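Visitor: Based on what follows, work out the 3D shape:
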Amino acid sequence: MKHTLSVVVEDEAGVLTRIASLFARRGFNIESLAVGSAEQNGCSRITMVVPGDDRVIEQLTKQLNKLINVITVRDLTEIPCVERELMLIKVNANPANRSEVIEIAQIFRARVVDVSDDSLTIEVVGDPGKMVAIVKMLQKFGIREIARTGKISLTRESGVNTEYLKAS
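Guide: Numbers count the residues shown, from 1 in each chain. This is a model prediction of the structure:
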């Protein structure tokens, strides 16, 4: 199972290296990693997606909490959250199929951010499932490049679990 961890750290040199080293020493892969300023001055929030069962994640959480400069560690996997990711995708688009590529982008509420004679670069923001879906739809045109930020996540203050709503 994939777990989403939110780690608030002091914004100091070497913190990310120590965290990545902890995972590497134990042979764990980090599937997604996003780092940015947190709500407190001098702090950063690291959001990472890590595969593993509950026991492994609990062990990793305890080890992360022991690291210098780590303020909080929270497993957001079972908590209602808002999750987003940013992706830029460059797609082949000649005059014959350009309107179809633009139409697909509009369906996904994506924006065309660059145009050339034979390609379009599209910006997509949404949950990770949306990223997979638009890539699948655009593959038939030929994808030249993809750059993704990694998932970021904050808990929902409302407590509404949208995953539950999707299943209904």
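Visitor: What's the per-residue pLDDT of the residue nearest to residue 42 when sequence neighbours are not counted here?
Guide: Here the nearest residue to residue 42 in space, its sequence neighbours aside, is residue 11; by Cβ to Cβ, 6 or more residues apart in numbering that works out to 5.2 Å. The way it works is simple: take the backbone N, C-alpha and C, and place the C-beta from them, glycine included. At residue 11, the pLDDT value in this model is 92.
Visitor: Is it correct that residue 11 is in contact with residue 37?
Guide: Yes. With contact defined as Cβ atoms under 8 Å, residue 11 counts as touching residue 37 (7.5 Å).
Visitor: any residues in contact with both of these two?
Guide: Contact criterion Cβ atoms under 8 Å, 6 or more residues apart in numbering; residues shared by residue 11 and residue 37: 43-44.
Visitor: If you count surrounding residues, which of the two has more?
Guide: Looking at residue 11 and residue 37 with other Cβ atoms under 10 Å, you find the greater number of neighbours at residue 11, namely 14 against 11.
Visitor: residue contacts, that one?
Guide: Shown here is residue 11, whose contacts under the criterion Cβ under 8 Å, 6+ apart are 37, 42-44.
Visitor: what's across from residue 123 in the sheet?
Guide: Taking DSSP bridges, one finds residue 88, residue 111 as the beta-bridge partners of residue 123.
Visitor: Which of the contacts of residue 11 fall in strands?
Guide: Secondary structure of the contacts of residue 11 is defined by DSSP state E; positions in strands are 37, 43-44.
Visitor: Of the residues you listed, which is the nearest to residue 26?
Guide: Distances from those to residue 26 were compared by Cβ to Cβ; the smallest belongs to residue 44, at 22.4 Å.
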